[in-house]
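*Asks:* Just need the structure, nothing else, for what follows:
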Amino acid sequence: MNNPLINPGIGVFFWMLISFGILVFILLKWGWPAVIKTLKEREVAINDALEAAEKAREELTRLSSKNDDELKRAKQERDEILRDARLAKDKIIEDAKLKATEEADRIVESARENINYEKQKAMTELKNQIANLSIDIAEKILKQELANKEMASKLVIDELEHTHLN
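*Replies:* The predicted structure is shown next:
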């Protein structure tokens, strides 16, 4: 194990010491002031940020109370709007029910009229058919009875006796 990094010789040690010294000098000359300046700027920035945070906290407290008032007012408005919407909904539903009831009554009445009309029409047609059928039957019976002359004259005499003339 003759690794020069693990067991450095005196020459390597010397040059490493000189390189390290140059590095420290460069850092002290140009690096350290930049670091100190950056740290001071950072400290100022942190202090400014803390002051701004404190101001923001105060503003937030003020706005929070204002927001609470606004939230209460908004909730009241929301409740009013919801109440108005419910009333409007109830009125619309009631109007729709009323219109539907009126329409249903009108349809039922129209249906009843149609049913009565059809019933009258059917009754008239039935009466006409019965009358036609009765006439046909009477005609057939009369033809049969009038075929015999003696029966025909007897029928005419009976009918004249039963007929009352005013």
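
*Asks:* For K154, grab the count of nearby residues.
*Replies:* Here the number of neighbours of K154 (other CB atoms under 10 Å) works out to 12. Backbone N, C-alpha and C define where each C-beta goes, glycine included.

*Asks:* same question but for L27, I mixed them up
*Replies:* Around L27 there are 13 other residues, counting by other CB under 10 Å.

*Asks:* longest single helix anywhere in this structure?
*Replies:* helix 32-146 (DSSP state H).

*Asks:* Are there helices or strands packed against it, and which ones?
*Replies:* Contacting helix 32-146 under the criterion 3 or more CB pairs under 8 Å, 6 or more residues apart in numbering; DSSP states H and E are the following elements: helix 149-162.

*Asks:* quick check: mean pLDDT across the helix it packs on?
*Replies:* Confidence for helix 149-162, expressed as mean pLDDT, is 78.

*Asks:* Tell me what angle it forms with helix 32-146.
*Replies:* Orientation check (axes from the mean of the first three to the mean of the last three CA atoms, to 10 degrees): helix 149-162 against helix 32-146 gives 110 degrees.

*Asks:* gap between A45 and P8?
*Replies:* Applying CB to CB, to the nearest Å, one obtains 44 Å for the distance of A45 from P8.

*Asks:* Can you give me the distance of I115 to L63?
*Replies:* From I115 across to L63, the span is 74 Å (CB to CB).

*Asks:* And for A88?
*Replies:* Using CB to CB, which is the criterion applied here, A88 is 35 Å from L63.

*Asks:* and P8, helix, strand or coil?
*Replies:* Secondary structure of P8, reduced to three states by DSSP: H, G, I helix; E, B strand; the rest coil: coil.

*Asks:* ditto for N3
*Replies:* Three-state call for N3 (three-state DSSP): coil.

*Asks:* neighbours of it, just the number please.
*Replies:* When neighbours are counted by other CB under 10 Å, N3 registers 7.
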